[in-house]
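Student: Okay, here's the prediction I keep looking at, along with the sequence it came from:
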Amino acid sequence: MVNDPIGDMLTRIRNAIMAGHESVEVPSSRLNARIAEILKTEGFLEDFSVIDDRRQGLLKLYLKYDRSSRKSVIFGLERVSKPGRRVYVGKDEIPRVRRGRGVAVLSTSKGVMTDEEARKAGVGGELLLTVW
C-alpha cells in the first residue's frame, strides 16, 4: 500500500525517464488523472489514457521527448506538500517555477489547477508539486 500516491506517481515518471521508456503505468485516481491532464496540457506529457483493470484502474502516461536530442522535456519533478508536511499558499504567495518556465500544481477549493489558473481565479491552496 502506498501512503503518498502523488509522490509514487512522480517517482515512477522520474524512473521511466531515466530508463528512457516511452510510457509508464501508475495507479489511477481522480487526483492522478487531473495531474496527468495538467501535465499534458502544459506540454510535459505526450498523452495519457485510463486502463480499466477491474480493480482500481491504471493511468498509462506517454512520456514526451525532444525529437532531435532524445532528451525528456521534463527536467525536474518535485513533490512540495507531503503527507508529513503540508504546504499551503495564499493567492498572493503562489510561487513562479523557474521564472515561469515550470508549472506548480495546486489543490484549491475550486479544484486542482496550475499556478497561473489559481492566480487568475484569485485562490490559494495546497501546493502539491512543481515541474519544469
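Tutor: Here it is on my side, so go on. Numbers count the residues shown, from 1 in each chain.

Student: Quick one: the helices in this protein, in order.
Tutor: Under the criterion DSSP state H, the chain contains helices at 5-19, 30-41, 115-121.

Student: Nearest the geometric middle of the chain, what residue?
Tutor: Centrality entry for the chain: nearest residue to the mean C-alpha point is I35, 4.5 Å, by Cα atoms, centre = their mean.

Student: So what pairs up with V26 in the strands?
Tutor: Listed beta-bridge partners, V26: L59 (assigned using DSSP bridges).

Student: ok, now how distant is it from V97?
Tutor: Taking Cβ to Cβ, to the nearest Å as the measure, V26 falls 22 Å from V97. From N, CA and C alone the C-beta is placed, and that goes for glycine too.

Student: which one of those two has more residues nearby?
Tutor: The neighbour comparison of V26 against V97 (other Cβ atoms under 10 Å) goes to V26, with 23 against 19.

Student: need the contact list for that one.
Tutor: Residues in contact with V26 (Cβ atoms under 8 Å, 6 or more residues apart in numbering) are D8, M9, R12, I13, N32, L58, L59, L61.

Student: most surrounded residue in these?
Tutor: L61 leads the contacts of V26 on contacts (other Cβ under 10 Å) with 27 neighbours.

Student: ok, that one touching F44?
Tutor: No - assessed by Cβ atoms under 8 Å, L61 is found out of contact with F44, at 9.8 Å.

Student: so what are the domain limits for this protein?
Tutor: Using automatic domain parsing, the domain ranges for the chain come out as 5-63, 77-131.

Student: doesn't V103 make contact with A118?
Tutor: No - using Cβ under 8 Å, A118 is not in contact with V103; the gap is 11.0 Å.
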